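Chemist: structure of the sequence below:
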Amino acid sequence: MPDLSPASALRKLQQAQAGLKKARQAIRAARESEAEGEALQRVIRVGWSSLTLCFRLLAEIPIEAASEPVMTKQLAVQRYATALLVRLRRLARNEPIDASGDDDDLGDDDADY
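Modeler: Alright, predicted model coming up:
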């Protein structure tokens, strides 16, 4: 994919973040419904699939498309993915998930970079 433009790379990153957001929503719904057993495992699988797809999309971005906005967005998506992974790990360990940090705190502005 060497001819991927920065605009196309940004679209890929937005797709990756959208998938992560859906997984975070599934975790939130599972927490609210106090899911257990197979339902909880299903949520973990959905989250893991979202992470693998996200990292696949991130890895496909060539250096030629790595403009400043693309790198900034990639940092935000990776941070969001890390937050999702922490939540999945807590689910797998049957630890409580902190509800205060479960809002989708990484919007599209990325102003903190």
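
Chemist: so what's the residue positioned nearest the centre of the chain up against?
Modeler: Computing the C-alpha centroid of the chain and ranking residues by Cα atoms, centre = their mean puts residue 20 first, at 3.1 Å. Neighbouring residues of residue 20 by Cβ atoms under 8 Å, 6 or more residues apart in numbering: 50, 51, 54, 77, 80, 81, 84. For glycine as for every other residue, the C-beta is placed from the backbone atoms N, C-alpha and C.

Chemist: measure it to residue 51 for me?
Modeler: 7 Å (Cβ to Cβ, to the nearest Å).

Chemist: same check, this time on residue 7
Modeler: Distance, residue 7 to residue 51, by Cβ to Cβ: 25 Å.

Chemist: which of those two has more neighbours?
Modeler: It is residue 51, of residue 7 and residue 51, that has more neighbours when counted by other Cβ atoms under 10 Å, with 19 against 12.

Chemist: can you list the buried residues in the helix or strand harbouring the more buried one?
Modeler: Residue 51 is part of helix 37-59 when elements are defined by DSSP states H and E. Buried residues in helix 37-59, counting neighbours by 16 or more other Cβ atoms under 10 Å, are found at 40, 43, 44, 46, 47, 50, 51, 54, 57, 58.

Chemist: hmm, back to that, reformat the contacts of residue 20 as JSON lines; add pLDDT.
Modeler: Converted to JSON lines, the contacts of residue 20 look like this (pLDDT from 0 to 100):
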{"residue": "50", "pLDDT": "96"}
{"residue": "51", "pLDDT": "97"}
{"residue": "54", "pLDDT": "96"}
{"residue": "77", "pLDDT": "97"}
{"residue": "80", "pLDDT": "97"}
{"residue": "81", "pLDDT": "97"}
{"residue": "84", "pLDDT": "96"}
